[in-house]
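Participant: below: sequence and its predicted model.
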Amino acid sequence: MKRIRFWGTRGSLPVALTAPVVRDKIVAALRGASGRTFGSNADIESYVDGLAFAEVGTYGGHTACVEIETGEPEYVICDLGSGARPFGQAALARHGPQSPQTYHIFMSHVHWDHIMGLPFFAPAYIPGNRVRIYGSHPWLESALRRQQDEPSFPVDFSFLKADIEFVHLVPDKPHEVAGMKVTTMLQRHAGDSYGYRFEANGRSIIYTTDSEHKLDDPMETESYVAFFRNADVVIFDAMYSLADAISVRADWGHSSNVVGVELCQMAGAKHLCLFHHEPAYSDQAIDAVLTDTRRLEEITRSGTPLKVSAAYDGMEIEL
Amino acid sequence: MVETSSRQFADVVVAAPVGRVDHHSVGELETALLPLVKTAGDGKGVLVLDFAGVDYISSVGLRILMIAAKELRAAGAKIAVANLQPIVAEIFAISRFDRVLGVFPTVRDAIGQFSPAGLVAFDGARPPAAQ
């Protein structure tokens, strides 16, 4: 495994920057530039690159879709949120429509925000492409077919002309796919969700989204710690604050940055990547969560530092 | 290990846990708080948690506080936290618990917010120099 690339990082619902928000970013950038002179484009770019991420950039608004570059020619992605559309476009732009490719797609579950990208995933419409969709839910195939039924969508699943196959993964049992060892684990979420552990060449990635980690049952906590053990990267559902996750949003099936830090510290993981951002959060709000999380890691650290990042659409993590 | 002592001032119960509240010790805090929550709840009074002796609290510890708060509020009683050490205060802020539980600089401030009778009893129980 060489790299993780994020195509969609929001939870629940896609969101987009609005004109007033873009205006605020421009105003803030110009305010910061007041009194400066820029002699070249390089000067301008240097200034922009020095601005805070929330000022000059955005965490983005596509729902869950994460690519794992394995170093092999076959593509590996997690979930088919709306981020699957730009991922598919990029793959086609890279290879062209006449060059058949294989796509391995691992599904955490089939809630709407995690499947809505499939009808817009262009490679699935092209004959010759191989699409393998993996998951542990018995209703995985029926859920994906159903979302393209009339009257919900005008293009029936039968129009997807790629060679599509659904592969059931038995939880807790390692499977060999695309040169990786892949293990799934049942998670607490309405209708169940499954976390993934991907391992290859001494590297490991955990993809755990839409999972409510309560940590109130020591046996359950220990099983998650074992699943996360020594992971290089943990992509973690940190949608809510801890206070919300155990009060007004208890049993909504999501976790917090605080629990993410605790589990990663107990497991000896190296990098916690906050994911499945609350759609109501602004870029500044996600920035604040990231700053808070880094501080929490710092004040509770007892061993090797845990790197903390917040995923954004387009972000890459080198392994 | 967490040891919890308690005192009562009129309708106010002050609980003072001491130690590190994590997934190993949270059961001790939970057991200690159970009768105190009942006492405060039955009297529609106030439970004040004096955290001067708590140097760390994890998410499972905060969960116990949330459960206590729900029970007390359902019974028509109140809960407050006071005397947070700096690290614990940061954990409250990062977890946003400072937005769902009343956090006060001192136990006296917490009692004074909710119970005049409790404040009189609290002040009366302290030596003059301490007031």
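Facilitator: Perfect, I can see it now.
Participant: do stretch A:250-263 and chain B meet?
Facilitator: Yes. Shown here: stretch A:250-263 in contact with chain B (C-beta under 8 Å from any C-beta of the partner chain) through A:256, A:257, A:258, A:259, A:262. For every residue, glycine as well, the C-beta is placed using N, CA and C.
Participant: rebuild these as a markdown table, extending it with secondary structure.
Facilitator: Output for these, formatted as a markdown table (DSSP: H, G, I helix; E, B strand; the rest coil):
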| residue | secondary structure |
| --- | --- |
| A:256 | strand |
| A:257 | helix |
| A:258 | helix |
| A:259 | helix |
| A:262 | helix |
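Participant: just the buried residues out of the residues you listed, in ChimeraX syntax.
Facilitator: The ChimeraX selection below is limited to those of the residues of stretch A:250-263 next to chain B classed as buried (16 or more other C-beta atoms under 10 Å in any protein chain shown):
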select /A:256,257,258,259,262
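Participant: quick check, nearest of the residues of stretch A:250-263 next to chain B to residue A:241?
Facilitator: The shortest gap between residue A:241 and any of the residues of stretch A:250-263 next to chain B belongs to residue A:256, at 5.8 Å (C-beta to C-beta).
Participant: and for the closest residue to the closest one other than its chain neighbours, the neighbour number?
Facilitator: The shortest distance from residue A:256 to any non-neighbouring residue, by C-beta to C-beta, 6 or more residues apart in numbering or on different chains, is to residue A:242 (4.2 Å). Using other C-beta atoms under 10 Å in any protein chain shown, residue A:242 has 28 other residues around it.
Participant: which ones are touching residue A:242?
Facilitator: Applying C-beta atoms under 8 Å, 6 or more residues apart in numbering or on different chains to residue A:242 gives the contacts A:256, A:257, A:258, A:259, B:59, B:62, B:95, B:96, B:97.
Participant: mind doing that once more with 7 Å?
Facilitator: Going by C-beta atoms under 7 Å, 6 or more residues apart in numbering or on different chains, residue A:242 touches A:256, A:258, A:259, B:59, B:62, B:95, B:96.
Participant: for the stretch 151-300 of chain A, which segments count as helices?
Facilitator: Taking DSSP state H, counting those that start in this stretch, the helices of the stretch 151-300 of chain A run over residues A:218-228, A:242-245, A:257-267, A:283-300.
Participant: export the ones you listed to CSV and append columns for mean pLDDT.
Facilitator: Below are the helices of the stretch 151-300 of chain A laid out as CSV (pLDDT from 0 to 100):
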stretch, mean pLDDT
helix A:218-228, 95
helix A:242-245, 92
helix A:257-267, 97
helix A:283-300, 97
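Participant: redo these as TSV? Include distance to residue A:126.
Facilitator: Putting the helices of the stretch 151-300 of chain A into TSV (distance: least, C-beta to C-beta, whole Å) gives the following:
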stretch	distance to residue A:126
helix A:218-228	36
helix A:242-245	41
helix A:257-267	38
helix A:283-300	35
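Participant: next, the buried residues of stretch A:208-219.
Facilitator: Here stretch A:208-219 shows A:208, A:209, A:210, A:211, A:212, A:213, A:214, A:215, A:216 as buried, counting by 16+ other C-beta under 10 Å.
Participant: an error on my part: the question was meant for stretch B:81-97.
Facilitator: For stretch B:81-97, burial by neighbour count (16+ other C-beta under 10 Å) applies to B:81-84, B:88-97.
Participant: does chain A sit close to that stretch?
Facilitator: Yes. Stretch B:81-97 lies within reach of chain A by C-beta under 7 Å from any C-beta of the partner chain, at B:87, B:90, B:91, B:94, B:95, B:96, B:97.
Participant: kindly export that stretch (C-alpha atoms) in CSV.
Facilitator: What follows is stretch B:81-97, C-alpha atoms only, in CSV (Å, rounded to 0.1, in the frame of the first residue of the first chain):
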residue,chain,number,x,y,z
VAL,B,81,-18.9,20.3,38.5
ALA,B,82,-16.3,22.4,40.3
ASN,B,83,-12.6,22.8,40.9
LEU,B,84,-11.4,21.3,37.6
GLN,B,85,-7.6,20.9,37.3
PRO,B,86,-6.2,22.6,34.2
ILE,B,87,-5.9,19.4,32.1
VAL,B,88,-9.3,18.2,33.1
ALA,B,89,-10.8,21.6,32.3
GLU,B,90,-9.3,21.2,28.8
ILE,B,91,-10.8,17.8,28.4
PHE,B,92,-14.2,19.2,29.4
ALA,B,93,-13.8,21.9,26.8
ILE,B,94,-12.5,19.6,24.0
SER,B,95,-15.3,17.1,24.6
ARG,B,96,-17.8,20.0,24.9
PHE,B,97,-18.9,18.8,28.3
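Participant: tell me how far the residue of the stretch 1-150 of chain A found nearest chain B lies from residue A:25.
Facilitator: The nearest approach of the stretch 1-150 of chain A to chain B comes at residue A:11, 17.3 Å away (C-beta to the nearest C-beta). With the distance defined as C-beta to C-beta, to the nearest Å, residue A:11 ends up 23 Å from residue A:25.
Participant: show me what from chain A comes close to chain B.
Facilitator: Counting by C-beta under 7 Å from any C-beta, chain A sits next to chain B at A:215-216, A:218, A:221, A:241-244, A:246-247, A:258-259, A:262, A:292, A:295-296, A:299.
Participant: would you map the strands across chain A?
Facilitator: For chain A, the strands defined by DSSP state E occupy A:3-8, A:65-69, A:75-78, A:102-106, A:130-135, A:163-168, A:175-177, A:180-187, A:193-200, A:203-208, A:233-237, A:271-275, A:307-310, A:316-318.
Participant: pLDDT of stretch B:41-60, averaged?
Facilitator: Regarding stretch B:41-60, the rounded mean pLDDT is 96.
Participant: touching chain A at all, that stretch?
Facilitator: Yes. Stretch B:41-60 is in contact with chain A by C-beta under 7 Å from any C-beta, via B:58, B:59, B:60.
Participant: tell me the contacts of the residue lying closest to residue A:160 once chain neighbours are set aside?
Facilitator: Nearest residue to residue A:160 in three dimensions, chain neighbours excluded: residue A:124, at 4.5 Å (C-beta to C-beta, 6+ apart). Shown in contact with residue A:124 (C-beta under 7 Å, 6+ apart): A:118, A:131, A:160, A:162, A:164.
Participant: and residue A:286, how close does it get to chain B?
Facilitator: Per C-beta to the nearest C-beta, to the nearest Å, residue A:286 is found 14 Å from chain B.
Participant: spell out which parts of chain B neighbour chain A.
Facilitator: Proximity of chain B to chain A (C-beta under 7 Å from any C-beta) is limited to residues B:23, B:58-60, B:62-63, B:66, B:87, B:90-91, B:94-97, B:99-100.
Participant: rerun that using 8 Å as the cut-off
Facilitator: Counting by C-beta under 8 Å from any C-beta, chain B sits next to chain A at B:23, B:56, B:58-60, B:62-63, B:66, B:70, B:87, B:90-91, B:93-97, B:99-100.
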